[in-house]
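# need the 3D shape of this:
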Amino acid sequence: MANNTGKKFGGREKGTPNVLTKEVRAVLKAVVFEEVALIQDHLKELDPKIRLQILIKLLPYVFTKLENLQYNFGKT
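Residues are numbered from 1 along each chain as shown. Here you go, the predicted structure:
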């Protein structure tokens, strides 16, 4: 019989992470931190053109995008 009351019975509490998800995130986090530590060495081995393309793609993750500002210097 279906539960039509809207109340939850059994299972995890709301907001409790799945154990497997928690473990996978921990492993991925460790891998990413290790790769970030080695990224400078990896970039040095690349062709300068490719290295620049990669750096351009990584910039938005380090710096916020600047807006185009238009100044009105005494012009009305």
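
# tell me, what residue is most central in this structure?
What sits nearest the mean C-alpha location of the chain, by CA atoms, centre = their mean, is residue 61, with 7.9 Å.

# and the helices in this protein?
19-44, 48-58 (DSSP state H).

# and the ones you listed as a markdown table, adding distance to residue 68 and mean pLDDT?
The way it works is simple: take the backbone N, C-alpha and C, and place the C-beta from them, glycine included. Shown next, in a markdown table, are the helices of the chain (distance: least, CB to CB, whole Å; pLDDT from 0 to 100):
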| stretch | distance to residue 68 | mean pLDDT |
| --- | --- | --- |
| helix 19-44 | 30 | 91 |
| helix 48-58 | 18 | 93 |
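
# output the ones you listed in a markdown table, with mean neighbour count appended to each entry.
Shown next, in a markdown table, are the helices of the chain (neighbours: other CB atoms under 10 Å):
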| stretch | mean neighbour count |
| --- | --- |
| helix 19-44 | 10 |
| helix 48-58 | 11 |
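
# show the pLDDT at residue 76.
On pLDDT, residue 76 comes in at 57.

# cool, and residue 15?
76.

# could you do the one 3 residues further on as well?
In this prediction, residue 18 carries a pLDDT score of 81.

# contacting residues for it?
The contact partners of residue 18, taken as CB atoms under 8 Å, 6 or more residues apart in numbering, are residue 12.

# hmm, residue 3 is touching residue 10, no?
No - using CB atoms under 8 Å, residue 3 makes no contact with residue 10, being 10.0 Å away.

# looking at these two, which is more packed in?
Between residue 3 and residue 10, counting by other CB atoms under 10 Å, residue 3 is the more crowded of the two (9 against 5).

# now that one. Nearest residue, chain neighbours left out?
residue 9 (6.5 Å; CB to CB, 6 or more residues apart in numbering).

# for the one you found, give its distance to residue 53.
Note on residue 9: its distance to residue 53, by CB to CB, to the nearest Å, is 54 Å.
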